[in-house]
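> Just a sequence and a predicted model for now, questions to come.
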Amino acid sequence: MGENGRFWVAFGIMLLAFALATVMSVYMVTAAHAEPGVQVVHITDDPGGSVGEYYRKYKALSDAGTEIHFHGMCASACTMVLFQEFTGIRACADEGAIFGFHKPFQTKADGKVTRTKSARRETRKLWAMWLSALPDPLHRYLQGVRVPSATDGDETNTMLLIPGRILLPRCPVTVAAS
C-alpha cells in the first residue's frame with residue numbers, strides 16, 4: 001500500500017472523526033436550547049364551578065407555561081383565566097368564544113343562593129378582589145357596567161357576556177380539539 005496509501009487511510013479516518021464530532025456538537029447545542037413542547041389545552045363551553053378548584057387549575061397551567069384555546073362559552077369561575085397573576089398562560093379565543101361574568105355567590109346545602117346581608121357583604125368583597133386581579137381595561141369596564149348578582153336577587157344563570165375577541169388574541173386554529 002505504501003506511504004501514500006497509509007496517508008489517505010489516516011486522512012479519511014480523521015475526516016470521518018471530525019464530521020462525527022461536528023454532527024454530535026450541533027445536535028448537543030440544538031438539544032440544549034430546544035424549547036420543550038408547549039402543552040395546548042382546549043376549553044370548550046365551560047360553565048365554571050368552584051372558585052378554589054379553578055384557581056388551583058389555572059395556577060398549575062400557568063406554572064407549566066400552558067397555551068389555552070377557548071371555544072364557545074367560558075363562564076363564571078372559568079373567566080379566572082384572565083387574572084393578571086397567571087403570567088405563564090398564553091391564551092387565545094376563536095371567533096365564537098364568549099366570556100360570561102356574574103358576581104360570585106354562595107349556595108346553601110339545598111342548592112339555593114344565600115341572600116343574607118352578610119352574604120351580600122362577602123359577595124362585594126370577593127367581587128372587588130376579583131376585579132383587582134383582572135387586567136386594568138377589563139377591570140374598569142366591569143366596574144362601570146351592571147354585572148349580575150345572584151346574591152342580590154338575579155337569577156343564578158344570568159351573565160354579562162363579552163366576546164372573546166375583545167379580551168384575547170384570536171387563536172390560529174378555530175376548531176376545538178377532539
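Arrived safely.
> now the end-to-end length of stretch 145-160.
End-to-end span of stretch 145-160 (Cα to Cα, to the nearest Å): 9 Å.
> Sort out which residues of that stretch are buried, please.
Using 16 or more other Cβ atoms under 10 Å as the test for burial, stretch 145-160 gives 147-151, 154, 156, 159. (C-beta placed from N, C-alpha, C; glycine too.)
> Tell me the secondary structure at G88.
coil (DSSP: H, G, I helix; E, B strand; the rest coil).
> thinking again about what came up before, now for the buried residues of stretch 145-160, which pair is the farthest apart?
T151 and M159 (14.7 Å; Cβ to Cβ).
> from memory L168 sits against R90, does it?
No. The criterion here is Cβ atoms under 8 Å, and L168 misses it with R90 at 9.7 Å.
> Pick out whichever of the two has more residues nearby.
L168 (21 against 16; other Cβ atoms under 10 Å).
> residues touching that one, list them.
70, 91-93, 97 (Cβ atoms under 8 Å, 6 or more residues apart in numbering).
> And those, which is closest to L134?
A91 (13.1 Å).
> ok, that closest one touching F70?
Yes. Counting by Cβ under 8 Å, A91 does reach F70; the two are 6.7 Å apart.
> Neighbour count: these two, which is higher?
A count of neighbours by other Cβ under 10 Å puts F70 above the other of A91 and F70, at 27 against 23.
> Let me know the helix or strand that that one is in.
Element membership for F70, per DSSP states H and E: strand 67-75.
> Pull up the pairing partners for that strand, direction included.
Sheet pairing of strand 67-75 (DSSP bridges) gives strand 40-46 (parallel), strand 90-93 (parallel), strand 98-101 (parallel).
> need those strands in TSV with mean pLDDT, can you?
Supplementary listing: these in TSV, determined by pLDDT from 0 to 100:
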stretch	mean pLDDT
strand 40-46	95
strand 90-93	95
strand 98-101	96
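> circling back to that earlier point, would you reformat the contacts of L168 as a markdown table and include distance to D46?
Listed next are the contacts of L168 as a markdown table, based on distance: Cβ to Cβ, whole Å:
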| residue | distance to D46 |
| --- | --- |
| F70 | 8 |
| A91 | 13 |
| C92 | 15 |
| A93 | 12 |
| A97 | 11 |
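> ok, of these, which one's closest to T79?
The closest of these, once distances to T79 are taken by Cβ to Cβ, is F70, at 10.1 Å.
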